[in-house]
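Asks: Just need the structure, nothing else, for what follows:
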Amino acid sequence: MRVFVTGASGHIGSALVPELLAAGHKVIGLARSDTSAAALSSAGVEVRRGDLDDLDGLRQAAAAADGVIHLAFKHDVAFTGDYAGAAAAEFRAVEAIGAALEGSGKPFVSTAGTLALALGGSGRMGTEDDAREGGPRIDSENAVIALGKRGVRSSVIRLAPTVHSSLDHHGFVPSLITMARKNGFAAYVGDGANRWPTVHTLDATRLYRLALETAPAGSRLHGAAEEGIPFRDIAEAIGRGLGLPAVSISAEDAGKHLGFLAMFAQLDNPTSSVRTRELLRWQPTHPGLLADLAERHYFEPPGASRKEAP
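Replies: Numbers count the residues shown, from 1 in each chain. The predicted structure follows:
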């Protein structure tokens, strides 16, 4: 099928494109810069110039495609502190795409995060049945799920906070490594027993393809290969990679040492993907986060060439 992909040149998108092409699909990728357009074109992708604010362009591209995968998010805006603004832009984009697909029966796979379950304060293992009424990014997730009753084969993949591989240059793990270098130690809050789920980039991309091809309308899916690694273990692995100690800090000092990640670093986010695996026959096969950190590609000097994910 002809698949319109937003975020096609990003971390996950750059691995998803070859996954889709190898499965026989044609990819139309959204590109907001000349650099992204050139990268997509060289990968055999049809380029659609625009961004998440080009709502008319999003509607046109979605209507002309056989299916849509939405990966793009204004991370640069969110990391400056305007998370609500980035989430609002995503909601408008999701509404535009959904309007173009309504009544078509076409697949629409969107993206959310498992950390939203922890923000909801459930205090237990999160499952695909869990849902929140509203909030930043939650509104977009719920809008996509609602399309399942309006003639769209919609699904949302809630990604683990750590989607890791040698392709991960700007996610939470690289950010934690940058902060550890600045601090002189790898920080965790309190006893560091709070857990983060993880998934390898290539396992995540296979999940997106499977969702595109077979996910039932209105499906919430979990992109979590490991249910939860204690944050202290992640900090200790980063410390080993940098030759620095892992140090416990107080919640009051978290903002000083962990910046925009201070709140997220304290969340306990154990997440099950049992139903996702059964529904789509998804079986993660790539290394876990701690094994990936041990391969050392995350610790290469800035500007050094990185090996491609296997």
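Asks: List the contacts of the longest helix seen in the chain.
Replies: Counting residues, the longest helix in the chain under DSSP state H turns out to be helix 83-101. By CB atoms under 8 Å, 6 or more residues apart in numbering, the surrounding residues in contact with helix 83-101 are 6, 52-53, 55-56, 58-60, 62-63, 68, 70, 72-75, 77-78, 108, 110, 136-137, 139-140, 143-144, 147, 150-152, 154. (Each C-beta comes from the backbone N, C-alpha and C, glycine too.)
Asks: And stretch 135-152, what's buried?
Replies: Under the neighbour-count criterion of 16 or more other CB atoms under 10 Å, stretch 135-152 has 136-145, 147-148, 152 buried.
Asks: Next, format the residues you listed as TSV and append distance to T114, pLDDT and secondary structure.
Replies: Compiled in TSV, the buried residues of stretch 135-152 are given as follows (distance: CB to CB, whole Å; pLDDT from 0 to 100; DSSP: H, G, I helix; E, B strand; the rest coil):
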residue	distance to T114	pLDDT	secondary structure
P136	15	87	coil
R137	11	89	coil
I138	12	93	helix
D139	17	96	helix
S140	15	97	helix
E141	11	97	helix
N142	16	97	helix
A143	18	97	helix
V144	16	98	helix
I145	16	98	helix
L147	21	98	helix
G148	20	98	helix
V152	23	98	coil
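Asks: Closest one of the residues you listed to G103?
Replies: Distances from G103 to the buried residues of stretch 135-152, taken as CB to CB, are shortest for V152 (7.8 Å).
Asks: thought that closest one was touching V109?
Replies: No. Using CB atoms under 8 Å, V152 is not in contact with V109; the gap is 10.6 Å.
Asks: Find me the pLDDT at D191, would you?
Replies: Looking at D191, its pLDDT is 98.
Asks: how would you label it: helix, strand or coil?
Replies: With DSSP: H, G, I helix; E, B strand; the rest coil as the basis, D191 sits in coil.
Asks: The closest residue to D53 other than its chain neighbours: neighbouring residues, count only.
Replies: Spatially, and ignoring its direct neighbours in sequence, D53 is nearest to A89 (6.6 Å; CB to CB, 6 or more residues apart in numbering). Other residues lying near A89 total 21 when counted by other CB atoms under 10 Å.
Asks: gap between A89 and L55?
Replies: 10 Å (CB to CB, to the nearest Å).
Asks: ok, R132 - contacts?
Replies: Residues near R132 by CB under 8 Å, 6+ apart: 116-117, 119-120, 138.
Asks: doesn't R49 make contact with L58?
Replies: No. L58 is not in contact with R49 according to CB under 8 Å; the separation is 11.9 Å.
Asks: now what about stretch 110-130, what contacts it?
Replies: 70-71, 73, 94, 132, 135, 137-138, 140-141, 144, 154-161, 197, 219-224, 227, 264, 267-276.
Asks: Stretch 276-285 now?
Replies: Contacts of stretch 276-285 (CB under 8 Å, 6+ apart): 128, 199-200, 203, 206-207, 210-211, 214-216, 219, 221-223, 225, 273.
Asks: Count the residues that sit near the nearest residue to H169 once chain neighbours are set aside.
Replies: Using CB to CB, 6+ apart and skipping the chain neighbours, the partner closest in space to H169 is H11 (6.9 Å). Neighbours of H11 under the rule other CB under 10 Å: 20.
Asks: Give me the distance between M179 and D168.
Replies: According to CB to CB, M179 stands 16 Å off from D168.
Asks: same deal with I238?
Replies: Distance from I238 to D168, by CB to CB: 13 Å.
Asks: Between these two, which is the more surrounded one?
Replies: When neighbours are counted by other CB under 10 Å, I238 comes out ahead of the other of I238 and D168, with 24 against 21.
Asks: Cool, thanks, talk later.
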